[in-house]
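Visitor: Okay, here's the prediction I keep looking at, along with the sequence it came from:
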Amino acid sequence: MVKIVWAERAIDDLTSIAEYSSRYSENYASSIVLKLFNKANVLKTMPKAGRIVPEKNDEKVRELIEGNYRIIYEIRGEDRIEVLPVHHSSRPLRHI
């Protein structure tokens, strides 16, 4: 099984998402963060489940979509995936 590592940037993104969403509803904030974590968990058994990130065009850099969010990750060998940014699709993507 593949190990999923969340980069500091990804954790910061999740924190920002939770803080922003909690302005409207604590339940929604918890729910969206949980959905994002659960979506990434599929990578443990299917590391290539996401599509190749068009901006990067690299077989190892892929993304999963959950609602309006892009969970961008990199396959780092056969047993490790690193989640890079978690990005809201309405905003321009900073460098990966």
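Guide: Sure thing, it's come through.
Visitor: Could you find the residue nearest the spatial middle of the chain?
Guide: Ile71 (2.3 Å; Cα atoms, centre = their mean).
Visitor: Apart from its chain neighbours, what residue comes closest to that one?
Guide: Leu64 (4.5 Å; Cβ to Cβ, 6 or more residues apart in numbering). (Glycine included, C-beta is placed from N, CA and C.)
Visitor: picking that back up, am I right that the residue nearest to the centre of the chain is in contact with Val42?
Guide: No. Using Cβ atoms under 8 Å, Ile71 makes no contact with Val42, being 10.0 Å away.
Visitor: what sits in contact with each of these two?
Guide: Leu64 (Cβ atoms under 8 Å, 6 or more residues apart in numbering).
Visitor: one step back: which residues touch the residue nearest to Ile71?
Guide: Lys39, Ala40, Val42, Leu43, Ala49, Gly50, Arg70, Ile71, Tyr73.
Visitor: Name the residues that touch the strand or helix carrying Val33?
Guide: Val33 belongs to helix 26-41 when assigned by DSSP states H and E. Helix 26-41 is contacted from outside by 4, 6, 14, 17-22, 64, 66-67, 69, 71, 73, 83, 86, using Cβ under 8 Å, 6+ apart.
Visitor: where along the chain do the helices fall?
Guide: 8-22, 26-41 (DSSP state H).
Visitor: Is it possible to get TSV of those that adds mean neighbour count?
Guide: Listed next are those as TSV, based on neighbours: other Cβ atoms under 10 Å:
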stretch	mean neighbour count
helix 8-22	15
helix 26-41	15
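Visitor: CSV for these, including distance to Glu78?
Guide: Listed next are the helices of the chain as CSV, based on distance: least, Cβ to Cβ, whole Å:
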stretch, distance to Glu78
helix 8-22, 21
helix 26-41, 18
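Visitor: and of these, who's closest to Arg91?
Guide: Proximity to Arg91 (Cβ to Cβ) singles out helix 8-22 among the helices of the chain, at 10.8 Å.
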